[in-house]
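[1] fold the following for me, if possible:
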Amino acid sequence: MVVMKDLLRKLGLNKYESEAYIALIKLGSASAFQISKVSSVPFGRIYDSLNVLEMKGLVEVVPSKPKKYKVVNPKTGLYGLVDEQLNELSIIRDQVRSAVKQIGKKDISDLVTINTGKVNFAKRVAEHFNYEHEYWATSDDFKIEDWYPSIKRRYSAKGREASSRYILVNNNKADPERLKAVKKAGVNIKHYTLPGIRILVSDEELVTISIQDPTHEWVNIHAHNKTLGKALTKLLRTAYNKGKKV
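    Residues are numbered from 1 along each chain as shown. So this is what the prediction gives:
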């Protein structure tokens, strides 16, 4: 149940609410006193916790004497919480997009920055998906599957295919079914060996180069430069044409 506790915390439940919910899953149907005893939630806090669980659609009240509680089908209850968070994030995404437009676009055509780490690289990947047209990328393994949700949101949801190209490096371990899913999103994939480095180019303008030496921290170089973008796009297109179909 350790994993379940972590998931419940991520879904917004506090310690007592999580413990009460897990105890009720074990009990099936029980009174507040029984739930408090099994969960170690203080009796003075159990009703507050159960009320929150009820409002979130995770438990239901059984009209009996004494009053009892039972768990709503976890697939229904927990999936409902996930959907609520997804809806909230979607609203926040739209609000952020609107706020950014109001700020206005500054001239960053010659801006070059450097940072380190996988997290910063992932954030730059997300920035690349905001560009409208051609997207090129390399990958040292089938990590492209992690980007699939972003690809789908950006392109498939709008009913148009992406003009993106992915050069998939060392894809021998790739799951064929996942490959099919990514291809359905409008992504073209070929195998071309280019280990230890990732290159992303969007609209021949935004460039990210990540040096990924396994014994050191990732070094990520970012540039808004059309001259560099066009040159790398040309090189990547050549590599793509020489790559093997997957």
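
[2] can you tell me which helix in this protein is longest?
    Using DSSP state H to define each element, the chain has its longest helix at helix 74-103.

[3] avg pLDDT for stretch 82-91?
    Averaged across stretch 82-91, the pLDDT comes to 87.

[4] before we move on, back to that, which parts of the longest helix of the chain count as buried, going by neighbours?
    The neighbour-count check on helix 74-103 (16 or more other CB atoms under 10 Å) flags Gly77, Leu78, Leu81 as buried. For the C-beta atoms, the positions are set from N, CA and C on the backbone; glycine is no exception.

[5] where does the closest residue to the last one other than its chain neighbours fall, phi/psi-wise?
    So that's Leu81. In this structure, Leu81 finds its nearest non-sequential neighbour in Leu11, 4.7 Å apart by CB to CB, 6 or more residues apart in numbering. Leu11 has phi and psi values of phi -90, psi 0 when expressed as degrees, to the nearest 10.

[6] does Leu11 touch Leu78 like I think?
    Yes: using CB atoms under 8 Å, Leu11 is in contact with Leu78, at 7.1 Å.

[7] follow-up on the earlier one: what's the local residue count around the residue nearest to Leu81?
    Neighbourhood size, Leu11 [other CB atoms under 10 Å]: 18.

[8] mind checking pLDDT for it?
    88.

[9] which strands and helices lie in contact with the one helix or strand Leu8 maps to?
    Using DSSP states H and E, Leu8 falls within helix 2-10. Packing partners of helix 2-10 (3 or more CB pairs under 8 Å, 6 or more residues apart in numbering; DSSP states H and E): helix 15-27.

[10] Ser40 contacts Glu19, correct?
    Yes: between Ser40 and Glu19 there is a contact at 6.5 Å, judged by CB under 8 Å.
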